[in-house]
Each structure stands twice: as structure tokens, then as C-alpha cells.
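Asks: model this:
(2 chains)
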Amino acid sequence: DGGITQSPKYLFRKEGQNVTLSCEQNLNHDAMYWYRQDPGQGLRLIYYSQIVNDFQKGDIAEGYSVSREKKESFPLTVTSAQKNPTAFYLCASSTGQYSNQPQHFGDGTRLSIL
Amino acid sequence: SQQGEEDPQALSIQEGENATMNCSYKTSINNLQWYRQNSGRGLVHLILIRSNEREKHSGRLRVTLDTSKKSSSLLITASRAADTASYFCATVNAGGTSYGKLTFGQGTILTVHP
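Replies: Residues are numbered from 1 along each chain as shown, chains lettered A, B, ... in the order given. So this is what the prediction gives:
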């Protein structure tokens, strides 16, 4: 089945530690996105990538970094500079060529602070 | 930044009743999309309506768009307990190069009682 796989499902971070969230898709989509969701809130865009080896900052990129070395993969690193990382992180993808295409989402990673 | 404002924040109904959720936005859009999120899961795309469309149907879902009022509504007819979820509107702004970049509202929590 085609889809988006996020791992791990739960992740715990110690103070001063960087952690990396995995996102893999087999939908052959060009565009990929990372969102953060806080309790009772909508999604806020962290980073997005329209094509391999290219990515742009979203609305809340500070304290996060990404890479896009392969079409299928778009890992997100939550750095120690992100002082309030506790949230639900969602990865999505779309065909990317046109703005009238829906996004497909993974099932998220819940990050907490130890 | 949050483009959409959703109303109501929470809605509780009985099975068989209709559920209506509203979304308002601030800037000109290319399209507006509705997504559903079950608790602790990723988002699932429901329906997309383009800025030149006024109404769209998909099964028990009916979406309307009024660009003069910058608002949209989602109607779920003959609701079922399985429709219990959070519902989000998301917009793609007109113009620019932000292919498919979505801006989400804060969502409506729908509870359907058996």
C-alpha cells in the first residue's frame, strides 16, 4: 500500500539533545512538508520541500532543520535550540506540481521532554 | 500564522443529525480544503473546492464557498458515531510560488453520540 510512514510513534528528548524524526513516502510525490500540532490547535508549517535537494522555511522553522537527499525521505531534526519541542509532529506529501492537490499525511510522532 | 478561523470550536450532536462547520479566512485563495483527524492520528483529506467553485459534494459531505465573504462551510448529513473527529479547513493562497502550501484553521471537534 502506498503511503507515508513516520517513525518513531513516540519520542523522548533530554535537555540539550538533538533528535531526528523520520518521514518516508512511497507515493512518488515531489513535495513534502513538516507540521507541528499543539493540543487543541491547528497545524503550523515548519519546513517544506518542493523537490529533492531543495527546501524552504515555513512559519515556525526556528530550532528545526531538515534535509531532502532522496525523493522518498524528508527527516526533521529538532535541535536543542527549540526550547518548547513538546508537540505532535506530522509529515505530509503532495504531487507538488500544482497547488490544487491534496496532501497525504502520516500518523505522526509525539515528542515529549524527559 | 493561522489563516482560517473555525466555528464552532466544538459540536455535539446525535446520530442521524446533520453537522455544519464554518471556516473564515483572510486573504484571497486558490483553493480551500477540508481535512479530518481522528484522535492521535494524521489528517485525512476530505474535499477540495477551488476559488471559482461555489459548492461541491462528496457522499454525505457538502462544501460551500463564498469568496465575497471569505468563508466556507462543511455539512455532514445523517451523521454517524464514526464521524466523531476533528475537522480542519485549510487554504492555499492565490498567487506566489507556494505550491500547495496549506494554512490551517484551529479546527472543530465533532462528537456524534450513538
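
Asks: now the end-to-end length of stretch A:69-78.
Replies: Taking Cα to Cα, to the nearest Å, the first and last residues of stretch A:69-78 lie 18 Å apart.

Asks: Show me the beta-bridge partners of the residue minimising distance to the centre of chain A.
Replies: The centre of chain A sits closest to residue A:34, judged by Cα atoms, centre = their mean, with a distance of 2.8 Å. Counting by DSSP bridges, residue A:34 forms beta bridges with residue A:47, residue A:91.

Asks: Now for it: which residues touch it?
Replies: Taking Cβ atoms under 8 Å, 6 or more residues apart in numbering or on different chains, we find residue A:34 in contact with A:23, A:45-48, A:58, A:64, A:66, A:74, A:76, A:89-92. From N, CA and C alone the C-beta is placed, and that goes for glycine too.

Asks: how about 7 Å then?
Replies: A:46, A:47, A:66, A:76, A:89, A:91 (Cβ atoms under 7 Å, 6 or more residues apart in numbering or on different chains).

Asks: now swap in residue B:5 and tell me
Replies: Applying Cβ under 7 Å, 6+ apart, we find residue B:5 in contact with B:24, B:105.

Asks: redo that, cut-off 10 Å
Replies: Residue B:5 makes contact with A:42, B:22, B:23, B:24, B:25, B:26, B:71, B:89, B:105, B:106, according to Cβ atoms under 10 Å, 6 or more residues apart in numbering or on different chains.

Asks: What of residue A:65?
Replies: Counting by Cβ under 10 Å, 6+ apart, residue A:65 makes contact with A:18, A:20, A:46, A:47, A:55, A:75, A:76, A:77, A:78, A:79, A:81, A:82.

Asks: The second one contacts residue A:75, doesn't it?
Replies: Yes: here residue A:20 lies in contact with residue A:75, judged by Cβ atoms under 10 Å, at a distance of 5.4 Å.

Asks: which neighbours do these two share?
Replies: In contact with both residue A:20 and residue A:75: A:65, A:66, A:67, using Cβ under 10 Å, 6+ apart.

Asks: Same list, these, but as JSON lines with pLDDT and secondary structure please.
Replies: Below are the shared contacts of residue A:20 and residue A:75 laid out as JSON lines (pLDDT from 0 to 100; DSSP: H, G, I helix; E, B strand; the rest coil):
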{"residue": "A:65", "pLDDT": "98", "secondary structure": "strand"}
{"residue": "A:66", "pLDDT": "98", "secondary structure": "strand"}
{"residue": "A:67", "pLDDT": "98", "secondary structure": "coil"}
